[in-house]
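> Following is a predicted model, sequence given first.
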Amino acid sequence: QVQLVESGGGLVQAGGSLRLSCAASGRPISTFAMGWFRQAPGKERECVAATSWSGAYTYYLDSVKGRFTISKDSAKNMLYLQMNSLKPEDTAVYYCALSTYYSGNVYYTDGDRYDFWGRGTQVTVSS
């Protein structure tokens with residue numbers, strides 16, 4: 001079993017920054033792909049960023065490219081999402097997820113590929 005706990009969310013003005021953290025426990029994350037998802041009220045969950053198990057390959061939703069950065073610190077068993085130049089449309093609950101599925105050194109953007117999820121952290125960006 002893996003437990004994931006997100007932190008770092010909050011209220012920020014447009015143009016501001018937040019750094020989300022995801023603390024993993026139960027198993028080392030070094031060999032697992034991980035991702036950040038978000039869900040806004042009335043909208044479907046979407047993958048914001050994902051990383052392969054090694055961190056060599058990353059994915060970003062088009063709307064966050066150049067603004068968000070995903071990073072994985074296997075030594076600390078932590079996943080991060082640095083969010084800069086935040087926009088009101090980034091407002092959502094953000095979830096950390098881990099995948100035990102293995103098909104190579106790849107990332108996954110389909111939530112169905114992920115086995116473990118955190119409870120989420122609210123990010124609210126005011127205009």
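Nice, thanks for sending it over.
> Show me the helices in this structure, by range?
Using DSSP state H, no helices are found in the chain.
> Work out which residue lies at the spatial centre of it.
residue 36 (1.9 Å; C-alpha atoms, centre = their mean).
> For that one, which residues are in contact?
20, 22, 47-50, 70, 79, 81, 94-97 (C-beta atoms under 8 Å, 6 or more residues apart in numbering). Bear in mind the C-beta positions are built from the backbone N, C-alpha and C, glycine included.
> Which one of those is nearest to residue 28?
If you rank the contacts of residue 36 by distance to residue 28 using C-beta to C-beta, residue 79 comes first, at 12.5 Å.
> what number of residues lie near the residue lying closest to that closest one once chain neighbours are set aside?
Sequence neighbours aside, residue 22 is the residue nearest to residue 79 in space, at 4.1 Å (criterion: C-beta to C-beta, 6 or more residues apart in numbering). For residue 22, the neighbour count with other C-beta atoms under 10 Å is 26.
> now the one 10 residues further on
Neighbouring residues of residue 32 were enumerated by other C-beta under 10 Å; the total is 24.
> Look up how far residue 58 lies from it.
14 Å (C-beta to C-beta, to the nearest Å).
> swap in residue 12?
With distances taken as C-beta to C-beta, residue 12 is found 23 Å from residue 58.
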